[in-house]
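[1] dropping a prediction and its sequence here:
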Number of protein chains: 2
Amino acid sequence: METASPSAGRPRTFDTGRVIEVAVESYWTDGVEGVSLNEICRRAGVSKPGVYREFRGEDGLMDAALAHYAESVLAPNFANIAGDSSLADVLATLIEFMVDVDRSGPVGCLLANMRQMPDRLGPATRRRVTDLREQSRSSYATWVERAKETGEVPSTISTDVAVALIDFQLTNLLVQIALGEDPDLLQAQAKLSFAGLTGFGAD
Amino acid sequence: METASPSAGRPRTFDTGRVIEVAVESYWTDGVEGVSLNEICRRAGVSKPGVYREFRGEDGLMDAALAHYAESVLAPNFANIAGDSSLADVLATLIEFMVDVDRSGPVGCLLANMRQMPDRLGPATRRRVTDLREQSRSSYATWVERAKETGEVPSTISTDVAVALIDFQLTNLLVQIALGEDPDLLQAQAKLSFAGLTGFGAD
DNA sequence: CTTATTAAATACCGGGTAGTATTATATGGA
DNA sequence: TCCATATAATACTACCCGGTATTTAATAAG
């Protein structure tokens, strides 16, 4: 299906997808606090009014970037993990993936970064951050409930607290990795931090 | 001992200590990323060249503020804690103190905030952040070593990892508290995160 | 060829930043 | 009284930001 109406007017050359990709890469690599709308325009080779017309401003661009990040990075990762392994395995896999600074793509996580910078976000982006966080928490909750059924996680631990633990540890792990902290130490302490949940860090 | 020479020149009215107090309060409450040098001058009722002459610029002011914070807030707290209680007690006390949002003074921690914002810091401030962090780690290391001697912490856990765990958990706890996260959930998950170290969160 | 239409970039606006050159003020001493 | 001295605030620079009014360019239709 071609673009609907080749009716009149100057043909568009604005590559929206390309701009979103540049924005994701920029925000992810430099942090939302470390890159300006002007700079993204420069990197994408695009004019500011163009971005404004297409995304209604910085908030819209950030929101679009976060949406793209969620579906192109977060969703596949969550899908790969959704397997039937134990909670300990899931968490260990996640940790090892997150602290792997040699893999392709930027380190850290755009969503985790944005959560630390609420003042830098517009309303739309903030809404999406809240929403994506809620989705993560919901996934964690199902993992925890399942692990409680198998007896891996003691039922004396409230699901809310377990979810808060996972959310806190993984998010801050990603933040610290992005800050350049030592990956090996981060990995070891992260595993240890889950010992009360699954007992897997106390080897 | 009065100020050395009342020799000549316009008498000074610049209250350095007052400016430092305002700076600490401002950076602590609003975050180093959330308040400008101009704004601090406005709040302290002082001119910018005055600050520049006294502190050599923003980096000097931040450095002085952090130094004052370290000796007026961090040091007393560490002194109060240095008691002979178990590591579990020390950590529980610290956590409960940190998540208490109703106590006087701003929530969170200036040092923890600065550690998340290295790009916002000048060289002097960054040096002091590194140094203070090293001091904290050193305290944590002695606590851990002592706890290992009493058998509270299994000697199979490397001191480096234990220190990294404590550093990570406490710092990020302070960051999350400052971000307005739910104190009760934070407290519960923080205690749980230390279960692998001391076993005290698994009640 | 002209006109309407759509999209592009240029150039600007108001406001913020850190830092500084300049000027005004208040003292002690000659 | 007049000057040297030290400190104060005012006013400015140069630069960045997000956002926009204006202008230029490229097409389809009449």
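    Cool, the structure landed. Numbers count the residues shown, from 1 in each chain, chains lettered A, B, ... in the order given.

[2] show me where chain A has helices.
    With DSSP state H as the definition, chain A shows helices at residue ranges A:16-30, A:37-44, A:48-55, A:58-69, A:75-81, A:87-98, A:110-116, A:123-149, A:159-178, A:183-193, A:195-198.

[3] any chance of those helices in a markdown table, with distance to residue B:134, mean neighbour count and mean pLDDT too?
    Just so you know, the C-beta spots here come from the backbone N, C-alpha and C atoms, and that holds for glycine as well. Written out in a markdown table, the entries for these read as follows (distance: least, CB to CB, whole Å; neighbours: other CB atoms under 10 Å in any protein chain shown; pLDDT from 0 to 100):
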| stretch | distance to residue B:134 | mean neighbour count | mean pLDDT |
| --- | --- | --- | --- |
| helix A:16-30 | 27 | 19 | 98 |
| helix A:37-44 | 34 | 16 | 98 |
| helix A:48-55 | 44 | 16 | 98 |
| helix A:58-69 | 35 | 22 | 98 |
| helix A:75-81 | 35 | 12 | 89 |
| helix A:87-98 | 25 | 19 | 96 |
| helix A:110-116 | 23 | 23 | 98 |
| helix A:123-149 | 33 | 16 | 97 |
| helix A:159-178 | 17 | 22 | 98 |
| helix A:183-193 | 14 | 23 | 98 |
| helix A:195-198 | 26 | 26 | 96 |
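
[4] residue numbers of chain A in contact with DNA strand C?
    For chain A, the contact set with DNA strand C under CB under 7 Å from any atom of the strand comprises A:7-14, A:46-50, A:53.

[5] of those, select the buried ones using a PyMOL command.
    This is the PyMOL syntax for the buried subset of the residues of chain A next to DNA strand C, where burial follows 16 or more other CB atoms under 10 Å in any protein chain shown:
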select buried, chain A and resi 46+50
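
[6] what sits against the most centrally placed residue in chain A?
    Computing the C-alpha centroid of chain A and ranking residues by CA atoms, centre = their mean puts residue A:111 first, at 3.6 Å. By CB atoms under 8 Å, 6 or more residues apart in numbering or on different chains, the residues touching residue A:111 are A:66, A:69, A:70, A:74, A:129, A:132, A:133.

[7] do that again at 6 Å, thanks
    Listed by CB atoms under 6 Å, 6 or more residues apart in numbering or on different chains, the contact set of residue A:111 reads residue A:132.

[8] what distance do you get for it to residue B:53?
    44 Å (CB to CB, to the nearest Å).

[9] check the closest residue to DNA strand C within chain A and give its pLDDT.
    At 2.2 Å from DNA strand C, residue A:9 is the closest residue in chain A, using CB to the nearest atom of the strand. Model confidence at residue A:9, expressed as pLDDT, equals 89.

[10] looking at the helices of chain A, which is closest to residue B:140?
    helix A:183-193 (11.6 Å; CB to CB).

[11] packing partners of that closest one?
    For helix A:183-193, the packing partners by 3 or more CB pairs under 6 Å, 6 or more residues apart in numbering or on different chains; DSSP states H and E come out as helix A:159-178, helix B:159-178.

[12] distance to residue B:98 added to those, as CSV?
    Rendered in CSV, the data for the helices and strands packed on helix A:183-193 read as follows (distance: least, CB to CB, whole Å):
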stretch, distance to residue B:98
helix A:159-178, 13
helix B:159-178, 6
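
[13] ok so, going back, would you turn the helices of chain A into JSON lines with distance to residue B:164?
    Below are these laid out as JSON lines (distance: least, CB to CB, whole Å):
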{"stretch": "helix A:16-30", "distance to residue B:164": "25"}
{"stretch": "helix A:37-44", "distance to residue B:164": "34"}
{"stretch": "helix A:48-55", "distance to residue B:164": "41"}
{"stretch": "helix A:58-69", "distance to residue B:164": "28"}
{"stretch": "helix A:75-81", "distance to residue B:164": "25"}
{"stretch": "helix A:87-98", "distance to residue B:164": "13"}
{"stretch": "helix A:110-116", "distance to residue B:164": "19"}
{"stretch": "helix A:123-149", "distance to residue B:164": "23"}
{"stretch": "helix A:159-178", "distance to residue B:164": "10"}
{"stretch": "helix A:183-193", "distance to residue B:164": "4"}
{"stretch": "helix A:195-198", "distance to residue B:164": "14"}
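
[14] indicate which one of the helices and strands packed on helix A:183-193 is closest to residue B:137.
    Evaluated over the helices and strands packed on helix A:183-193, closeness to residue B:137 peaks at helix B:159-178, with 5.3 Å, by CB to CB.

[15] okay, angle between the closest one and helix B:87-98 too, please.
    With axes from the mean of the first three to the mean of the last three CA atoms, to 10 degrees as the criterion, the two stretches helix B:159-178 and helix B:87-98 enclose an angle of 20 degrees.

[16] so who does residue A:32 touch?
    For residue A:32, the contact set (CB under 6 Å, 6+ apart) comprises A:114, A:117, A:120.

[17] give me that answer again for 10 Å
    Taking CB atoms under 10 Å, 6 or more residues apart in numbering or on different chains as the definition of contact, the neighbours of residue A:32 are A:26, A:58, A:62, A:65-66, A:110, A:113-114, A:116-117, A:120-121, A:125.

[18] again, but for residue A:177
    Neighbouring residues of residue A:177 by CB under 10 Å, 6+ apart: A:98, A:99, A:100, A:101, A:107, A:108, A:109, A:112, A:183, A:186, A:187, A:190.

[19] quick check, residue A:108 in contact with residue A:69.
    No. If you go by CB atoms under 10 Å, residue A:108 and residue A:69 don't touch, sitting 11.6 Å apart.

[20] and the gap between the residue lying closest to residue A:85 once chain neighbours are set aside and residue A:86?
    Residue nearest to residue A:85 in three dimensions, not counting chain neighbours: residue A:93, with 7.7 Å by CB to CB, 6 or more residues apart in numbering or on different chains. Distance of residue A:93 to residue A:86, given as CB to CB: 10 Å.

[21] need the helices and strands packed on helix A:183-193 in CSV (columns: distance to DNA strand D).
    Written out in CSV, the entries for the helices and strands packed on helix A:183-193 read as follows (distance: least, CB to the nearest atom of the strand, whole Å):
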stretch, distance to DNA strand D
helix A:159-178, 20
helix B:159-178, 24
